[in-house]
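Novice: test case, fold it:
(chains A and B, ligands or ions: 5)
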Amino acid sequence: MKPTERLKIPPTVMPEQDPKERIHNVKEVPLGYTPEMAMVEAQRCLQCKTPFCIEGCPVSIDIPGFIKAIAQGDFKQGVHVLKQKNLLPAVCGRVCPQEEQCQAVCVIGKAKKDPSKAVMIGKLEMFLADWERKQGVYPTPPEVSKTNKKVAIIGGGPAGLTVAGDLIKFGHDVTVYEAFHKAGGVLLYGIPEFRLPKAIVQTEIDYLEKIGVKFRYNYIVGKTSPVAKIVEENDAVFIGTGAGLPRFMRVEGENLLGVLSANEYLTRANLMKAYTFPQSDTPIVKGRTVITVGGGNVAMDCARTALRMGAERSLIVYRRAEEQMPARLEEIHHAREEGVEFHLLNNPIRLVGNDTGWITGAELIKMELGKPDASGRRRPIPIEGSEYIMETDILIVAIGNSPNPLVPASYPELDVTNWGGIIVNETTGQTSVPGVFAGGDIVLGAATVILAMGHGRRAARAMNLYLSSGRWADLADGLELSRAEVR
Amino acid sequence: MHRILYKETLGPDITLYRLHAPDVAAYRQPGQFVLIRICDDGERIPITLADVDRNEGSITLIIQSVGKTTLKLAQMSVGDSIPDIAGPLGEPTHIEKVGHVVCVGGGIGIAPLYPVAQAMKEAGNRVTSILGARSENLLILEKKMLAVSDKVIITTDDGSKGKKGLVTDAINELVDQGEKFDQCICMGPPIMMKFVSLLTKKLGIPTLVSLNPIMVDGTGMCGGCRVTVGGKTKFACVDGPEFDGHEVDFDEMIARLNTYSSYERVALEHYSDETGCRLEASLKKKGE
Ligand SMILES: Cc1cc2nc3c(=O)[nH]c(=O)nc-3n(C[C@H](O)[C@H](O)[C@H](O)COP(=O)(O)OP(=O)(O)OC[C@H]3O[C@@H](n4cnc5c(N)ncnc54)[C@H](O)[C@@H]3O)c2cc1C
Ligand SMILES: Cc1cc2nc3c(=O)[nH]c(=O)nc-3n(C[C@H](O)[C@H](O)[C@H](O)COP(=O)(O)OP(=O)(O)OC[C@H]3O[C@@H](n4cnc5c(N)ncnc54)[C@H](O)[C@@H]3O)c2cc1C
Ligand code: SF4
Ligand code: SF4
Ligand code: FES
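Specialist: Numbering: from 1, shown residues only, chains lettered A, B, ... in the order given. Ligands and ions are numbered 1, 2, ... in the order given. Reported below is the predicted structural model:
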């Protein structure tokens, strides 16, 4: 096929559950490509000599490589290519902000002057991963000789799981310590079922267990045992404890009943399955009107969960404008389709309640955009005299999370930034303590799944070199060398 | 899995459990708690560690049956197991020799009070304990508290044991008799902690209370357990559960405990439908 013909193929739209129906269930919204659809979509890729898309992907997946395999109908090969760089493609295909990464730089999108018309890289990735899962046979990795090196991984989110998956294949003895009763981190307790089915996450964890990774649940490092003990008893340690500290707005009335953090709302809904209450034991507050404050993925997840919990009105209140919302485009689009109302350029300044202490409304002030601030986005400025009360039964605060302070606070040997992130060497993930590495949201602050996995990948390689050589100083140089050797 | 090694009824709806949990026992200090989940799809509920035995690798919990989870647990027997126990959590009590400590416990609150009183005694303090209950059969751990206290005073609402009256009456009486207290530690129903704190503030006795707001994770991740202390928002699970009683906004905390009450009733009704078991009494209690 000639490039001009390929350019003429329209993007293959993935079928989705009808918005009117899906707000009454928690099943996944996109329904997946059929093999035929995937093969048509794969035809759109030009197989560029200099594939910009690879540079747009934080873990440098050979994108034209796996797309070519799909086009040829060789899905097994496609999976193989994907998994060389990405341990969790079923997750990333669903939750990566593709429009800012791989698809943002795809030449097809460029040619059409519309990134949403780029090759549907994420959807193809999702297709391959799902295809593999449906086959039900996961390849067992080749036998490797045991190194007898013990590795502890603190936190079972995407960063920690990636390190575990990589290091077990090098023959190390790997144990993941997880505070909750299940692993997956935000993939499990944060991102809702309708966006990332929990069975997918569980399949990945079962696989890791099958290939030898040990999991210790309900184990809060720093509380169940001191961090120092874990460090002493292991040859290397990876800290991937995420950004679990919820921020509040610090406005009057924030402790009223019916005001809760996104973390609490989503944890109750997802991890504790409150959407099946009273079959499951954990309740979740319900209301006819629910306001969610914030403009990121977390806020969209809350607003859409609220609809599924029976809210008649679900409102997003965000102090900036739509272009500045950090959420993935697809999430904003889905939220809108489902009837979430967007009250942009509005900011809560006070919450009001009744005499039993329940919230009844939020006092909002209108905002306008001023000059760009430190983040490069135009700064929202309150318009004096524009205050008004918006009635509500529930208000969810989804304005961001900070690095989880538990491990750094109980282990002062670790150097941290003034906002609480663990300081690491960017190439290797080494912290200020020899033998201890870190990555993911505990380093970056609330970021993305793929960046957490990228960190995990890099740290795993450095950890393996450290474990085999005992070298700590200039470990990054050693890595460069060994990569050159591989080439 | 955590096996129930021992189970004993201490009073109506109050049960002591010893459970296998060596990881939790290893580093636990007085004042800390655990989150337990007793079945798949179960709720995570916080319970104070009343005691641990490191040799046996066991922990002791004393639990009052008040709702679905605690009632379900009470149906379990020695040899059964529960899937999840996470901890120890929370900041340990600051144990120090201050002189004369008055330990005030009410109802199930005597369970978390016991290890603290014991540690205070071991640190060389004189310990006076005031234990309050609605009536005699609801009084728990009397013998154990006697063993770690120089003096124990008991008050009951109906006068069935000790003095008829409230723990605050007993504090007043002791102070009138000329007792000087350097520290008060108070654990019990929120309303009792509130009134003890109001009294000790007037009397100028520094007071520690142990708060019991609704928790989910217990690790500082959800903010569900937030309480206002000294005008600032604190997360009880990581900043507490013990706080300066003179600084706590008790009215807010008591209101917040009701957040899920209508749902808890539904859970209980669902459970009694499910099992057809005797829950009417508890349902009635909740309806009050
Ligand atoms: C609601 C929500 C929606 C999101 N949507 C997207 C999206 O669409 N796309 C995207 O790319 N990103 C999204 N993100 C961000 C993304 O989920 C995170 O960036 C990513 O999960 C970070 O991975 P991590 O492994 O660093 O940490 P986490 O996923 O936070 O995992 C950390 C793990 O460590 C455990 N832990 C913490 N402390 C301890 C301790 N002391 N001992 C033992 N274990 C501990 C925690 O229980 C947790 O399991 C979203 C985040 C949220 C909250
Ligand atoms: C730090 C701490 C230590 C505690 N120690 C003990 C103890 O040693 N012994 C004991 O009997 N009880 C203790 N509690 C209280 C215990 O957690 C509740 O009684 C229990 O959660 C009730 O659960 P349920 O499902 O049986 O009842 P439900 O019907 O769900 O609730 C009954 C009442 O318990 C409270 N409650 C409900 N869910 C929670 C929750 N997730 N977290 C906290 N409170 C909740 C509410 O006030 C509610 O009205 C402690 C609480 C805290 C926060
Ligand atoms: S991992 Fe994310 S950024 Fe990389 S190719 Fe897949 S969807 Fe794109
Ligand atoms: S940039 Fe687009 S067209 Fe080019 S190889 Fe990548 S996906 Fe294919
Ligand atoms: S219980 Fe979630 S922060 Fe305290």
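
Novice: what's the longest helix anywhere in chain A packed up against?
Specialist: Ranked by residue count and defined by DSSP state H, the top helix of chain A is helix A:449-469. With contacts defined as 3 or more C-beta pairs under 8 Å, 6 or more residues apart in numbering or on different chains; DSSP states H and E, helix A:449-469 has these neighbours: helix A:89-95, helix A:158-169, strand A:236-239, strand A:436-438, helix A:441-444, helix A:475-486. The way it works is simple: take the backbone N, C-alpha and C, and place the C-beta from them, glycine included.

Novice: which other residues reach the third one?
Specialist: Defining contact as C-beta atoms under 8 Å, 6 or more residues apart in numbering or on different chains, one finds that strand A:236-239 is touched by A:149, A:151-155, A:159-160, A:163, A:230-231, A:407, A:414, A:422, A:429, A:431, A:435-439, A:442, A:456, A:459-460, A:463, A:466-467.

Novice: now do the SS call for the spatially most central residue of chain B.
Specialist: Nearest residue to the geometric centre of chain B (C-alpha atoms, centre = their mean): residue B:109, 3.6 Å. Assigned by DSSP: H, G, I helix; E, B strand; the rest coil, the conformation of residue B:109 is helix.

Novice: please look at it and residue B:190 and confirm they touch.
Specialist: No - if you go by C-beta atoms under 8 Å, residue B:109 and residue B:190 don't touch, sitting 9.7 Å apart.

Novice: now the element after the host helix or strand of residue A:39, going C-ward?
Specialist: Under the criterion of DSSP states H and E, residue A:39 resides in helix A:35-43. Next in sequence after helix A:35-43, counting helices and strands by DSSP H and E, comes helix A:52-56.

Novice: ok so, going back, contacts for the helix holding residue A:39, please.
Specialist: In contact with helix A:35-43 (C-beta under 8 Å, 6+ apart) are residues A:1, A:6, A:9, A:11-12, A:14, A:33, A:67-68, A:70-71, A:73, A:75, A:119-120, A:123-124, A:127-128, A:131.

Novice: could you report the neighbour count for residue B:8?
Specialist: Residues near residue B:8, counting by other C-beta atoms under 10 Å in any protein chain shown, number 12.

Novice: dihedrals phi and psi, it?
Specialist: phi -140, psi 140 (degrees, to the nearest 10).

Novice: can the helix or strand harbouring residue B:61 be said to contact ligand 2?
Specialist: Using DSSP H and E, the element containing residue B:61 is strand B:58-64. Yes - residues of strand B:58-64 contacting ligand 2 under C-beta under 6 Å from any ligand atom: B:62-64.

Novice: and which of the residues you listed is nearest residue A:365?
Specialist: residue B:64 (46.1 Å; C-beta to C-beta).

Novice: and the helix or strand harbouring residue B:10, how far out from the chain middle?
Specialist: In this structure, residue B:10 sits in strand B:2-11 according to DSSP H and E. Centroid separation for strand B:2-11 versus its chain: 17 Å, with C-alpha atoms, centre = their mean, to the nearest Å.

Novice: can you check stretch A:470-482 too?
Specialist: On C-alpha atoms, centre = their mean, the centre of stretch A:470-482 falls 30 Å from that of its chain.

Novice: again, but for stretch B:126-135
Specialist: 14 Å.

Novice: pLDDT of it, averaged?
Specialist: Averaged across stretch B:126-135, pLDDT comes to 93.

Novice: which stretches of chain B have low pLDDT?
Specialist: Along chain B, the parts satisfying pLDDT under 70 run over B:273-288.

Novice: show me what from the stretch 101-250 of chain A comes close to chain B.
Specialist: A:179-181, A:216-220, A:223-226, A:244-246, A:248 (C-beta under 8 Å from any C-beta of the partner chain).

Novice: residue in the stretch 101-250 of chain A nearest to ligand 2?
Specialist: residue A:223 (13.5 Å; C-beta to the nearest ligand atom).
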